[in-house]
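Got a predicted model here, sequence first, then my questions.
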Amino acid sequence: MTPQGSIRRRLFFQLAGVAAVLSLTFFFVVRSVAERAAEGTQDEILAASATAIADSLRSENGGVTLDLPYSALSMLGSVSEDRVFYRVTADGKTLTGYDDLPLPTGGRQTGQTIVETLTYRGDELRAVSVLRPLGSFSAQQDVVVTVAQTREGLEAISRRITATATAVGGGFFLLATALSLWAARTALAPLERLTGAVTRRGPKDLRPVDAIAPAELVPLVTALNGFMSRLRASLLRTEDFIAEAAHRVRTPLATVRAQAEVTHRKLNKPEHKQAIREMIRAIDESSRSAGQMLDHAMVTFRTDSMDRDALDLSALTRETCSQLVPTADLKDISITTDCGPDPVPFEGDRILLQAALLNILDNAIKYSPADSHISVSLRTREDLILSVADEGRGFDDLDLPRLANRYQRGSNTGDIVGSGLGLTIASDVAGAHGGRLIIAQNPKGVGACVSLVLPH
Amino acid sequence: MRIACLAALIWVAQAAVAVAFDAEDHVDYPASPETAVLRVISTADQSVFEPILLAFQARNPGLSVQYTITSTTELMRAIQDEDAVFDLAISSAMDLQTKLANDGFARRFSPTVADGLPSWAIWRDQLFAFTQEPAVLLVSDADFPPGTEPRSREALIATLRENPDRFRGRVGTYDVRTSGFGYLMATQDSRNSEAFWRLMEVMGRLDAQLYCCSGAMIRDVAAGDLALAYNVLGSYAAAQQAEVDGFRIVELDDYVNVMLRTALIPTTAENVDGAQKMVTFLLSLQRQPDVTTAAGLPAIDPASFQANTALRPIRFGPGLLVFLDQLRRQNFLRNWEGSLVQE
Amino acid sequence: MRFLLIEDNQKLSSAVAERLHLDGHAVDCADTLNAASACIAVADYDLILLDIMLPDGDGRDFLEQHRQAKNRTPIIVTTARSAVSDRVGLLDLGADDYITKPFDFSELEARCRAVLRRQGGAADNNKSFCGTVLDSAAAELRFADKQVSLRNRELRLMEVFFAAPGQIFSKSHLLDRLFSFAEDVSENAIEVYVGRLRKRLDGADITIETVRGLGYRMVAA
């Protein structure tokens, strides 16, 4: 399954994106507010200065004169080291100050304060002008007091504010990003816990998941539990079906076979006996086929959810062989097992391994002549090699690769009851354990040698 | 020295055509071999500044120095109105220097040696103060036996009022109409204390003698022609005291205005690098007592302000522009004349 | 031998019982676990054949109870279920062996024999004739002071003769008793095994006699 995006990454990027937008907004808002405040402060000081100058205006001998108050200019130097320019005009004539300083362009209402930004001597100035009428009604003069200041201090403040806003905004962004990372991780923790709870389960564990899940995951957990209960029911049905099928097929076959044997014993005519013998053979063949098919179904079903038991392969081999000794005895076939003195530890599915070995041995017994020998050996090399060598008719060389395929029988087995599934089962089991099945001629002479090769 | 004078004469002949402001003197300090020329315009006498120039030249071989001496107002005129080419302008008129910087005639420079200096010593990275020179009261030993001199302006006023006959015609101060330093000190006084105008009234009634320069006042006090002189440049007085007896320097207890001698690099400067070296050198005078002693110029010393809290350095800033305002100056001089020149 | 056959399918039960009769065994049939318990209470059996799926319970429970009651009668489970997956569990529960339906009776007999041999053999299974003892459990003949071990088919052939000394058995009958239906053998094969038995009996007071045209019988030498 290829993952399509990551919820954590998406969550993280979304949160970080929000943090970035907030940081930027914060940065611009802080800067704009602070700069406006700084500019406002400068304007206020300029206005105070201009007002102070205007307040010291007085009429004298029909003209306007002025004693420039010391504080009017010195106050401008208290905040910054900006350059200061001023001009006082009466009816357009410069009374004092810098007579090339531009006059305000705005309205001319008396008492008005005009704030402008202008360029003077190559520098940007902030200029505040106050308009005052002066003198008696007959000889009233419009006096304009303009005080201007360069904006270097303002720019320095702006730089400082920008630096601070950048630092705070950046810090906020970093902090928010870290928190986003944490939040994304925390938000997904229940999902990981749930994943862990499901992953840690054994292959047979189909109980409902009871991990504590947040409300958002409850539907998923419910669906998962529903699915598992259906799966469990389905598996049980499959197992039941296999068992039931076996029962339904085998019980009547057993009855028929027993009755056939009885009948066979009672008959005397050789041709009648032969007929019954054929019948029993047919029964045996169908029974064996059914058995192997059921075995194969069981093996396939089981390899999907294999057990990994720690077991002793040596003991398992001896035990399995001993179960077939009575069957072999009927044909005076002896089975020897050579597993060495020590336990051979292996991790695998006991039932599958027994099924594989039983099928191999069953084949060997079937194809061995009376009074012969089957030798089972377990060797530990690079891999574990469990070999069953018989003295039967062996395989034609051409058959070897395809023998392990389902329902394939050797070309020289026409007279032996068998479905051809035995080696397939063994091969499937070997594959499920990461190993393989090797079919070869018996190296010690006539017969076949079938080996389960299992990795440690 | 003869070579220096000869060179100075030739240079004056050449410069006289181009320079319209009134230069009092020119001195040339050629370097050999010469790699660059530093043109300095200054209000300080050659005798005062020569030790500093020579020490500077010793550190910067190859740099010739052309030293032009002029008055504070002429220096202002040269830089502001005539675009005269100087690499460095050194003046004792803080207000004029401030106006030059404020009106955009100075270059910026961030010296690296400014660490030990108080923040008020540098303004806008354009004005660099390198001396602190108090305005003091001079008293003649004859009129004021030790211990009897007034210690404050109030005491001075009282002393003058109580003995009008004894002091008539025997008190002196600057004629602020002609002396830039005198005007600066008088305006600062008028800001600092109400006592100033009363003092001027009293001195006016006593027929105060008005002087253009510190030197004449010091000489007259030492000679006993004057009983006291008010607002004399302390650094000159201290230098003169080593040679002439008969007077004492009194730093009044209520406050002492301290003038700062400043350098600025005009926008017209051609040898900016040399000018910056000079500024750096001037700012480090505090660490070269032998040079300052020879020059008789006290370097900026933050510790002295802690030792004597009456010392008030005049602050740079737009406030200094106030008394340069045409109307304000007219009014101030009118008041001053009204108080002091009563006839 | 006396069998208890626990099987709920009547037809199968009677067919198996009849077939075992033919080999001279006594068989009691029980179609429920309750009936089986009742049988065990009143009679001793050499072997119990137990079906797993029964109307009144699971054969596995019977197995457990049987073992908990320290009853040593061997049990061979007959089942129609898939072979391998059940085998482990059943053997762990105390079954002595396991055979899948439909079964070859000769294999059943072989398994019974193997189970009994594992149990150390019952003395009353020994049969004797004219001083010669056939110990089925040990698979040997004892006569004079000799002990002769027999291979599987030799033993089974010997058992046929010891079951009815003096009786004539046809070659065909002996063939049925000795070979499975899967094997194609001629009647001559019987002659081979009779010949072997005669060699084994060398020195004994009994012999296998050929009755021309009819078959073979065991008689005193």
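Nice, I can see it. Residues are numbered from 1 along each chain as shown, chains lettered A, B, ... in the order given.

Count residues in the vicinity of the residue nearest to residue C:144 when sequence neighbours are not counted, would you?
Counting by CB to CB, 6 or more residues apart in numbering or on different chains, residue C:203 is the residue found nearest to residue C:144 once chain neighbours are left out, at 6.1 Å. To be clear about C-beta, it is placed using only N, CA and C from the backbone, and glycine gets the same treatment. Other residues lying near residue C:203 total 12 when counted by other CB atoms under 10 Å in any protein chain shown.

so what's residue C:203 up against?
C:143-144, C:146 (CB atoms under 8 Å, 6 or more residues apart in numbering or on different chains).

From residue A:358, how far out is it?
Distance, residue C:203 to residue A:358, using CB to CB, to the nearest Å: 42 Å.

for residue A:36, same thing?
In terms of CB to CB, residue A:36 sits 92 Å off from residue A:358.

For stretch A:386-399, which residues meet the burial criterion?
Judged by neighbour count using 16 or more other CB atoms under 10 Å in any protein chain shown, the buried positions of stretch A:386-399 are A:386-395, A:399.

Next: stretch A:86-103.
Of the residues in stretch A:86-103, A:86-90, A:94-98, A:101-103 count as buried by neighbour count, 16+ other CB under 10 Å.

what's the model's confidence in it, averaged?
For stretch A:86-103, mean pLDDT rounds to 90.

can you tell me if it touches chain B.
Yes: residues of stretch A:86-103 contacting chain B under CB under 8 Å from any CB of the partner chain: A:95-98.

you'd agree residue A:425 is up against residue A:292?
Yes: when contacts are counted by CB atoms under 8 Å, residue A:425 is listed as touching residue A:292 (6.9 Å).

Was I right to think residue A:452 contacts residue A:378?
No: taking contacts as CB under 8 Å, residue A:452 lies outside contact range of residue A:378: 9.4 Å.

now the nearest residue to residue A:161 once chain neighbours are set aside: how far from residue B:311?
Nearest non-adjacent residue to residue A:161, counting by CB to CB, 6+ apart: residue A:34, 4.4 Å away. From residue A:34 across to residue B:311, the span is 38 Å (CB to CB).

ok, which stretches of chain A are strands?
Ranges of strands in chain A, per DSSP state E, are A:57-60, A:63-66, A:84-90, A:93-97, A:113-120, A:123-134, A:141-150, A:309-312, A:334-338, A:345-348, A:373-380, A:383-389, A:436-441, A:448-455.

which residues sit in contact with residue B:60?
Residues near residue B:60 by CB under 8 Å, 6+ apart: B:274, B:277.

how about the residue nearest to residue C:144, phi and psi?
phi 100, psi -10 (degrees, to the nearest 10).

pLDDT wise, what is it at?
87.

Got a quick ChimeraX command for the buried subset of the contacts of residue C:203?
For the buried members of these, the matching ChimeraX selection, counting by 16+ other CB under 10 Å, is:
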select /C:143
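
and which of the contacts of residue C:203 is nearest to residue B:181?
The closest of the contacts of residue C:203 to residue B:181 turns out to be residue C:146 (CB to CB; 155.5 Å).

ok, what's across the strand from that closest one?
residue C:143 (DSSP bridges).

can the strand or helix carrying residue B:263 be found next to chain A?
Assigned by DSSP states H and E, residue B:263 belongs to strand B:256-264. No: judged by CB under 8 Å from any CB, strand B:256-264 makes no contact with chain A; its nearest approach is 13.5 Å.

Count the residues that sit near residue 168.
Looking at chain A here, since you left the chain open. By the criterion of other CB under 10 Å, residue A:168 has 14 neighbours.

should've been chain B
Neighbourhood size, residue B:168 [other CB under 10 Å]: 14.

mind listing what it touches?
Residue B:168 neighbours (CB under 8 Å, 6+ apart): B:206-207.

Domains in chain B, by residue range?
Recorded structural domains for chain B (assignment: automatic domain parsing) are B:2-132+B:259-314, B:134-258+B:322-340.

export these to CSV and tack on mean pLDDT?
Formatted as CSV, these follow (pLDDT from 0 to 100):
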stretch, mean pLDDT
domain B:2-132+B:259-314, 86
domain B:134-258+B:322-340, 92
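
quick one, which of these is nearest to residue A:309?
Nearest of those (CB to CB): domain B:2-132+B:259-314, 81.9 Å.

just to revisit the earlier point, in terms of secondary structure, what does the strand holding residue B:263 contact?
Under the contact criterion of 3 or more CB pairs under 8 Å, 6 or more residues apart in numbering or on different chains; DSSP states H and E, strand B:256-264 touches strand B:88-91, helix B:94-102, strand B:127-140, helix B:180-192, helix B:272-283, strand B:311-313.

With that, I have no additional questions.
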